[in-house]
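Colleague: I'll drop the sequence and a predicted model, then ask my questions.
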Protein chains: 2
Amino acid sequence: MAHEQLTLSFQLCFRIYALERELMAAYRPLLDALGLTYPQYLTMLYLWEHEKGTVGQLCSALSLDTGTMSPLLKRLEASGFITRRRLRSDERTVEVTLTEKGRDLEEEALSVPERIAGCLLTNDKEEQGRRYDELKQVLDQALEQLRTSRKAREAAAVN
Amino acid sequence: MAHEQLTLSFQLCFRIYALERELMAAYRPLLDALGLTYPQYLTMLYLWEHEKGTVGQLCSALSLDTGTMSPLLKRLEASGFITRRRLRSDERTVEVTLTEKGRDLEEEALSVPERIAGCLLTNDKEEQGRRYDELKQVLDQALEQLRTSRKAREAAAVN
DNA sequence: TTCTGTTATATTGTACGCAACCTAGTAGCG
DNA sequence: CGCTACTAGGTTGCGTACAATATAACAGAA
């Protein structure tokens, strides 16, 4: 029966789709308090670690298109967390830098990861470790598999 | 160090976020051929199984807002896959039904799940079973955990 | 130097996803 | 019947995502 075929991969894919949205719902109240969205938060995490970066580096770090990143950075700039300026050495590339306000935000964001870990894993600190490893490994396998087959598709499309 | 704290839950969350987009990228070429997006495909899956349903039932089945579902259904109607009409018994509720064209689409969509399974898991049929169970279980645990803590948050917000 | 191809980013258009709000229809109660 | 509360969907506004296209700057060859 057709529905047998459906259930296997459908069950996984729908769970991944649902999990992502449920996770965003967990982040939302925490990030709202900081005035950030999740992709903006990821951008700030990158900048808190590296202090600055080009648009291309940010796109590649978050696997995002310039069509997503470009307006996102404009909004972060409008919020006063970053500044953007073209490099004199190469006027094509735009360098993003933290402002004082952006740097200060890191302190407020310090509690976010732990609070999310509580939502996503469990409150039992001991159990957290086990689940963390398991989840991470399984997610990595799936990601790796998808990326591999995407590359295969893209290579095939050229021929 | 702050980055120790960050890495734990960040590593998981970013993987979930990335995995969802990578999965959508795998579906995209397959669904493009059918003239569907992934949420539209999920809607059609529901209708292929149940033949019809109210907007509320679809929202609840896919965990989507009316703000998402309502325009999505309009687009499916514009594509000729479904029709919408208000029930005479209760003029508030809108019933969605497959058209002939919508029903016919199921046949074309039959190969999608298997092809996705190949991208997401592996081509080795035997290995697929193991990975499937593992992934499903881990995703369910995470989903369950997030939903539980969301309900706790919402209950706390009332008080 | 000029032409050509490439690179880095920006813009446009379409479709989610969700919060907040709106509206019409229904139900219950006096 | 008239009032109120509730329910089912729809609308608006904002922020992603991403394909497709555009633009300006750079780099290398003729």
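Modeller: Great, that's in hand. Numbers count the residues shown, from 1 in each chain, chains lettered A, B, ... in the order given.
Colleague: Give me the neighbour count for the closest residue in space to A:L143 that isn't next to it in sequence.
Modeller: Using C-beta to C-beta, 6 or more residues apart in numbering or on different chains and skipping residues adjacent in sequence, the residue nearest A:L143 is B:L19, 5.2 Å away. All C-beta spots, glycine's among them, are computed from the backbone N, C-alpha and C. Neighbours of B:L19 under the rule other C-beta atoms under 10 Å in any protein chain shown: 22.
Colleague: just A:E126 next, same as before
Modeller: Neighbour tally, A:E126, other C-beta under 10 Å: 7.
Colleague: Please apply the same query to A:W48.
Modeller: For A:W48, using other C-beta under 10 Å, the count is 17.
Colleague: from memory it sits against A:D104, does it?
Modeller: No. Using C-beta atoms under 8 Å, A:W48 is not in contact with A:D104; the gap is 10.7 Å.
Colleague: Give me the helix or strand of chain A that scores worst on average pLDDT.
Modeller: Lowest by mean pLDDT, DSSP states H and E among the helices and strands of chain A is helix A:125-158, with a mean of 84.
Colleague: Tell me which residues touch the residue in chain A positioned nearest to DNA strand C, please.
Modeller: The nearest approach of chain A to DNA strand C comes at A:G56, 2.5 Å away (C-beta to the nearest atom of the strand). Counting by C-beta atoms under 8 Å, 6 or more residues apart in numbering or on different chains, A:G56 makes contact with A:T93.
Colleague: Do you know the pLDDT at it?
Modeller: Looking at A:G56, its pLDDT reads 97.
Colleague: any idea which helix or strand carries it?
Modeller: Per DSSP states H and E, A:G56 falls inside helix A:55-62.
Colleague: ok, now A:G53?
Modeller: Using DSSP H and E, A:G53 sits within strand A:52-54.
Colleague: in that strand, what counts as buried?
Modeller: Buried residues in strand A:52-54, counted by 16 or more other C-beta atoms under 10 Å in any protein chain shown: A:53-54.
Colleague: Figure out how far that strand is from the centre of its chain.
Modeller: Relative to its parent chain, strand A:52-54 has a centroid offset of 16 Å by C-alpha atoms, centre = their mean, to the nearest Å.
Colleague: Name the surrounding residues that touch that strand.
Modeller: Strand A:52-54 is contacted from outside by A:46-47, A:61, A:87, A:93-98, using C-beta under 8 Å, 6+ apart.
Colleague: Compute the inter-axis angle for the strand or helix carrying A:E49 and helix A:55-62.
Modeller: According to DSSP H and E, A:E49 maps onto helix A:38-50. Note on geometry: by axes from the mean of the first three to the mean of the last three C-alpha atoms, to 10 degrees, helix A:38-50 and helix A:55-62 are set 110 degrees apart in direction.
Colleague: Please check the contacts of strand A:52-54 and keep the buried ones.
Modeller: So, by 16+ other C-beta under 10 Å, the buried ones in the contacts of strand A:52-54 are A:46-47, A:61, A:94, A:96, A:98.
Colleague: between the residues you listed, which is nearest A:Y38?
Modeller: Comparing the buried ones among the contacts of strand A:52-54 against A:Y38 with C-beta to C-beta places A:Y46 closest, at 13.1 Å.
Colleague: Which residue, neighbours along the chain excluded, lies closest to A:T43?
Modeller: A:L58 (6.0 Å).
Colleague: swap in A:L87?
Modeller: With sequence-adjacent residues excluded and distances taken as C-beta to C-beta, 6+ apart, A:L87 is closest to A:T93, at 5.1 Å.
Colleague: so who does that neighbour touch?
Modeller: By C-beta under 8 Å, 6+ apart, the neighbours of A:T93 are A:54-56, A:86-87.
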